[in-house]
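Visitor: I would like the atomic coordinates for the input below:
(one chain, ligands or ions: 1)
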Amino acid sequence: MLKGKHIILGITGGIAAYKSVSLLRLLVKAGAEVQVVITPAGKEFITPVTLSALSGKPVISEFFTANTGQWNSHVDIGLWADAMVIAPATASTIGKMANGVADNMLVTTYLSAKAPVFIAPAMDLDMMAHPSTTRNLATLRSWGNHIIEPATGELASHLMGRGRMEEPERIVEVLDRFFDTKDTLKGKKILITAGPTHEKIDPVRFIGNYSSGKMGYAIAEEAAARGAEVTLVSGPVEIAPRHESITLVKVESALEMLAACEEHFDSSDWAVMCAAVADYRPEHSASSKIKRGDKGDPMELRLVANPDIAATLGKRKRSGQLIAGFALETDNETDNAIGKLNRKNLDMIVLNSLRDKGAGFRTDTNKVSIITRGGERTDYPLKSKTEVASDILDTLLKL
Ligand code: CTP
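Guide: Have a look, this model is predicted:
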């Protein structure tokens, strides 16, 4: 997929810069045209001569070429690129990128680039774990940059920990996959529910759950990145969608979520029901704050059942439409998931067990099994929620 692609390879000043040589080799071998942009510190670790010989292009580092005074246009390179990869990305460069500190050619190019950007951090474990790195990476991620997470292992300091730049082969795989899936959902309209619902008790209290919305939002981003038009019906969460092809419909309660889904389902090709919908709501919600009273008597709250949104859409589904559901289980996982698949007339169900470490609510990772209506089951290892999103969309595509 990389054949003929224009790639900017940004190299910064870290020990892992030696791996950039292999990365460059692999990219060129895969048929990509690579323009290396290196920071002044990067040149302390690796020489431009090696890089220009391998890429077949002069390496860009300064704003001006010293002997001719020729200006290197960061705008032109930024527009030329189909993708920009920064590997290794040091804490310093990540900080500059997140804060617009355009004091070198690499950061300036980053700020001008319209193409998708992939960042492979590499640093010592304490730098990696520092709140400033965490915050800067979160900022970059929130702008839609792809972070290629560093691995855990032995670092240049000989300490063991998280901060090793991902291997060049894996970085090439990420890029290849990006281009491979890019337009696979062009023309598809996808309805996604995400987050918890809040069921109002009174103006200041509600019944809710721990859902963060991360899984549903990851599916929305991945679907949009692949060319789909996404309607994201979301309960109250602290995150926001980034891709411009995602239309956000904010709701609070299960009843509001149902109404939004009913409005958008008929015009959708697929629905992915990722929300953790409250099964019950208070029968009455008080219009003013319920007072504690003097006696400290027990308080009774009568709950009534909420509609099952997935099942409602399942009944309405017309031929050609597909619905994916989720099952978050603690016991009897497989039977419960298959039960839900059939009861709600879904086409596939994503099972996650709360018994698996790193799976479920509020994490950035998930470990799932996907069971399709035809009874085919695939068990996946622990992955980032973005990768899980990709597996879910691939399964829907197959169906
Ligand atoms: N779901 C829904 N509306 C509901 C409850 C669930 O759309 N009122 C959807 C969820 O988004 C998910 C699937 O149905 O895709 C299964 O949700 P889950 O909470 O696991 O199942 P329930 O049917 O609520 O069963 P239980 O709580 O007994 O496990």
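Visitor: downstream neighbour of the worst-scoring helix or strand of the chain on mean pLDDT in the secondary structure list?
Guide: Sorting the helices and strands of the chain by mean pLDDT, DSSP states H and E puts strand 365-366 at the bottom, at a mean of 81. Next along the chain after strand 365-366, taking DSSP states H and E as the criterion, comes strand 368-372.
Visitor: partners of the very next helix or strand once past that next one, with directions?
Guide: Downstream of strand 368-372, the first helix or strand assigned by DSSP H and E is strand 377-379. Looking at strand 377-379 with DSSP bridges, its partner strands are strand 368-372 (antiparallel).
Visitor: So what touches the strand it pairs with?
Guide: For strand 368-372, the external contacting residues (Cβ atoms under 8 Å, 6 or more residues apart in numbering) are 334, 337-338, 341, 347-352, 359, 377-380, 388, 391-392, 395, 399. Every residue, glycine included, has its C-beta placed from N, CA and C.
Visitor: How about stretch 148-162?
Guide: Outside stretch 148-162, the residues that reach it (Cβ under 8 Å, 6+ apart) are 15-16, 87, 118-126, 128-129, 163-167, 170-171, 174, 384.
Visitor: still on that earlier bit, please flag which of the contacts of strand 368-372 sit within strands.
Guide: Met348, Ile349, Val350, Leu351, Asn352, Arg377, Thr378, Asp379 (DSSP state E).
Visitor: Please check these and keep the buried ones.
Guide: Neighbour counting by 16 or more other Cβ atoms under 10 Å classes Met348, Ile349, Val350, Leu351, Asn352 among those as buried.
Visitor: I figured the last one hits Lys367, correct?
Guide: By that I understand Asn352. Yes: the pair Asn352 / Lys367 is scored as a contact, 6.6 Å apart, by Cβ atoms under 8 Å.
Visitor: remind me which residues of this protein are low pLDDT?
Guide: Residues of the chain that meet the criterion pLDDT under 70 lie in 358-362.
Visitor: Spell out which residues of it are next to the ligand.
Guide: Residues of the chain lying near the ligand by Cβ under 6 Å from any ligand atom: 193, 254, 273, 275, 277, 279, 306, 308-310, 325-328, 340, 344.
Visitor: Buried only: go through those for me.
Guide: 193, 254, 273, 275, 277, 306, 308-310, 325-328, 340, 344.
Visitor: Restricted to helices, list these.
Guide: Mapping those onto helices (DSSP state H) picks out Ala254, Ile309, Ala310, Lys340.
Visitor: partners of the least confident helix or strand of the chain in the sheet?
Guide: strand 383-384 (antiparallel).
Visitor: got a list of what Thr12 touches?
Guide: Ile38, Thr39, Ala41, Gly42, Ile86, Pro88, Ala89, Thr90, Ser92, Thr93, Leu106.
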